[in-house]
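In: only the shape, not the letters, is given here:
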């Protein structure tokens, strides 16, 4: 038999090593991230609008409730608006995530958060996207803290703990919309425990917390139900979400999602077995075990229904909050179940294996630059003339380009969007309704070339397959139900590509200084053309 103090020391040593490794990877990420990409720039632009009223009128374009851009506004007023300072915001969110794991583990009373530190703290998706100037990292930290506050209430119902749970839960949904589904999952688990205990006070407490979260969201319903949202809707299937979740769990190697699946299957089966065996001798830890098991099962189901209702094109960073919720629930299960030496050793070995494998897996991701738009902006500012023209296609590149470009060459987007501070899909929708949405862009290109000047194409050009004409979609309408913004954007990109190929005499890809690997979501090519024909 292994001495209990040796196992305890081994657990703490490994937990500290996991924490130190996560901090090291966060340091690498902060050093390698580079400039802000367009989604980050949009949040910063939103936070820096002249008045709070302006933020309240435009927050829906960036998917985060009003308090989050206000937090970014307060942070940047204290620490500045430089890339270095704003990268610090993302790192602080990740540090809050680590602190939330340790804080939550305190309430389970079974040692440090080994599985959470391994599965969340070393996850490449969390390390990369959770450190951006968006609400995903901080939202994940809050959802972990919310789980811990619920567990604390199940162990002991006191007024201070109830206040903490209520404040943390409201802050959770006010930071990230996605967290509504996860808070609902936690409330479902806690409510079932309260019903089994015939504990009316706890039942009212948990339902009251959910009601507070829902009420806090009522002011946003009108903004989030705007007519332009149909432009960004996307057919979301269970298969698509499953594949995206698998990628987010294992990024960049989706096969590593099996680490999560193994932990989930083993721990849920073990939890059900323990719950059934000890049903008659229920204790406070039994209640937390049931809460964690139900939360782990209900959370992905609730999250799936939320994403299906949202109907946005799902990306890996959408799953950071779910990763946090599942990771902390599984950690709680493992901590409570590991009552025997062999179980504690198994938990140690799993976390140790993750410590070896996951940092190696995460390295090629966290060393990527977030964007190369700043490099392009500097290149154009150096080489372009004031009489040239910059065309940004698609238009979203302009959000980050405007942060870094300080030259005098005029610029236009494809299609031409008047407000490029945030993602104005409402203005894009107006272009979808127009009869000739990109004629003004093509005319500016023609004028620039006929006057003997050059056109700089940020994003390059897109050509249709050989033998096929560029797509020419009719104006969108409710009657034909065509509101696919990607289809329209691709069609206009093809029209631009054919126009440039047919009417320019020379064109070349512009070589850019090598700065290491770049995030594929904003690894932008640069093309320059001249000569009218």
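Out: Received it, and whenever you're ready, just let me know what you need. Since the structure is predicted, the reported quantities are computational estimates derived from the model, not experimental observations. Residues are numbered from 1 along each chain as shown.
In: with adjacent residues omitted, what lies nearest to residue 437?
Out: residue 431 (4.2 Å; C-beta to C-beta, 6 or more residues apart in numbering). Yep, even glycine has a C-beta here, placed from its N, CA and C like the rest.
In: the one you found: neighbour count?
Out: 21 (other C-beta atoms under 10 Å).
In: what is the helix or strand containing it packed up against?
Out: Per DSSP states H and E: residue 431 is located in helix 425-433. Packing partners of helix 425-433 (3 or more C-beta pairs under 8 Å, 6 or more residues apart in numbering; DSSP states H and E): helix 485-503.
In: the helix it packs on: how far from the chain's middle?
Out: Chain-centre distance of helix 485-503: 30 Å, with C-alpha atoms, centre = their mean, to the nearest Å.
In: what is it packed up against?
Out: Here helix 485-503 touches helix 425-433, helix 439-450, going by 3+ C-beta pairs under 8 Å, 6+ apart.
In: that helix vs helix 425-433, what angle?
Out: With axes from the mean of the first three to the mean of the last three C-alpha atoms, to 10 degrees as the basis, helix 485-503 and helix 425-433 are set at 60 degrees to each other.
In: now the helix or strand following helix 485-503: buried residues?
Out: Scanning forward in sequence from helix 485-503 by DSSP H and E, the next helix or strand is strand 504-509. By neighbour count on 16 or more other C-beta atoms under 10 Å, the buried set for strand 504-509 is 504, 507.
In: give the partner strands of whichever helix or strand comes after strand 504-509 in its sheet and their orientations.
Out: Sequence-wise, the next helix or strand downstream of strand 504-509 (DSSP H and E) is strand 526-532. Take DSSP bridges as the rule and strand 526-532 pairs in its sheet with strand 454-458 (antiparallel), strand 504-509 (antiparallel).
In: and strand 526-532, how far from the chain's centre?
Out: 36 Å.
In: ok, now stretch 169-180?
Out: Distance, centroid of stretch 169-180 to centroid of chain: 14 Å (C-alpha atoms, centre = their mean).
In: excluding chain neighbours, what is closest to residue 10?
Out: Leaving aside its chain neighbours, residue 10 sits nearest to residue 348 (6.0 Å; criterion: C-beta to C-beta, 6+ apart).
In: can you tell me the element the one you found falls in?
Out: helix 341-366.
In: go on, residue 161?
Out: Per DSSP H and E: residue 161 is located in helix 159-175.
In: list the contacts of whatever helix or strand comes next after that helix.
Out: Next helix or strand after helix 159-175 toward the C-terminus (DSSP H and E): helix 179-197. Contacts with helix 179-197, where a contact means C-beta atoms under 8 Å, 6 or more residues apart in numbering, come from 139, 142-143, 146-147, 150, 153-154, 169, 172-173, 200, 202-203, 206-207, 209-210, 213-214, 217, 282, 287, 290-295, 298-299, 301-303, 305-306, 321-322, 325.
In: try stretch 146-166
Out: 100, 103-108, 168-169, 172, 179, 182-183, 186-187, 189-190, 193, 201-202, 205-206, 208-209, 212, 284, 287-288, 291-292, 295, 325, 328-329, 332.
In: sorry, back to before: figure out which of the helices and strands packed on helix 485-503 is closest to residue 5.
Out: With C-beta to C-beta as the criterion, residue 5 lies closest to helix 425-433 of the helices and strands packed on helix 485-503, at 59.2 Å.
In: how about residue 406, phi and psi?
Out: Phi and psi for residue 406, reported as degrees, to the nearest 10, are phi -130, psi 20.
In: can you tell me the SS state at the closest residue in space to it that isn't next to it in sequence?
Out: Excluding its sequence neighbours, the residue lying closest to residue 406 (C-beta to C-beta, 6+ apart) is residue 381, at 6.0 Å. Secondary structure for residue 381, judged by DSSP: H, G, I helix; E, B strand; the rest coil, is helix.
In: and for the one 5 residues further on?
Out: The three-state assignment at residue 386 reads coil, by three-state DSSP.
In: residues in contact with it?
Out: Here residue 386 is in contact with 408-410 (criterion: C-beta under 8 Å, 6+ apart).
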